[in-house]
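Participant: everything below, folded, please.
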Amino acid sequence: RIGGIVEVESDAAIAVGDVTAGTNVLGQPLAPCSSPGMAKTGWTRSGECVDQEGDTGSHHICIDLTSTSSSAGDFCVATGQPDWCADDMPCHEDENENCPAKDWCVCQWAFEMYLGAAGGCGDDLKLKCDAVNMKAVEAYRENIDAHGDALECLKTKCPGIPDER
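Facilitator: Next up, the predicted model:
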């Protein structure tokens, strides 16, 4: 745990609740989801899909938003959200500049909703597996009947997800 503190570029710190940097779905340290040239993502806007107390959406899945166009629309439209996917937001490398949202930590429920609206885990869908938090796999495994399709999509897109122990 990062004891309730997240460092920001100014070397200041803000309290944001308990944050767990965590492990990715491949069993390695969680990599950043966003990078320079794109908007900074993450529930804490740390650039990573961390597990955080209070994040009721569980923003654990790093998805390339540019890969989510379907007959159902982009990720935001397909999941019934306002179309923030098309908005420029503070950049990963410079919060004083705005960049497009590209690699983004999305909610586990929204990922499932997108899969349903898009007709499944299509070939065009891109995940950044080293930045997908293992907490998503753990949550989906808790109820295979309800979340099996999302879990199978993660396994398809991210070969090497360890079997349940």
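Participant: end to end, how far does stretch 93-103 reach?
Facilitator: From its first residue to its last, stretch 93-103 covers 14 Å (Cα to Cα, to the nearest Å).
Participant: quick check: buried residues in it?
Facilitator: 95, 99, 101-103 (16 or more other Cβ atoms under 10 Å). Heads up, the C-betas are built off the backbone N, CA and C, glycines and all.
Participant: same list (those residues) but as CSV, adding secondary structure, pLDDT and distance to residue 115.
Facilitator: Compiled in CSV, the buried residues of stretch 93-103 are given as follows (DSSP: H, G, I helix; E, B strand; the rest coil; pLDDT from 0 to 100; distance: Cβ to Cβ, whole Å):
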residue, secondary structure, pLDDT, distance to residue 115
95, coil, 93, 32
99, strand, 97, 27
101, coil, 95, 19
102, coil, 95, 20
103, strand, 96, 18
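Participant: save those as TSV, and put in distance to residue 63 too.
Facilitator: Conversion of the buried residues of stretch 93-103 to TSV gives the following (distance: Cβ to Cβ, whole Å):
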residue	distance to residue 63
95	22
99	17
101	10
102	10
103	7
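Participant: isn't residue 95 right up against residue 46?
Facilitator: No: using Cβ atoms under 8 Å, residue 95 is not in contact with residue 46, being 11.9 Å away.
Participant: list residues touching both of the two?
Facilitator: Taking Cβ atoms under 8 Å, 6 or more residues apart in numbering as the criterion, residue 95 and residue 46 both touch residue 40.
Participant: report the beta-bridge partners for the nearest residue to residue 98 once chain neighbours are set aside.
Facilitator: Leaving aside its chain neighbours, residue 98 sits nearest to residue 88 (3.9 Å; criterion: Cβ to Cβ, 6 or more residues apart in numbering). Taking DSSP bridges, one obtains residue 100 as the residues bridged to residue 88.
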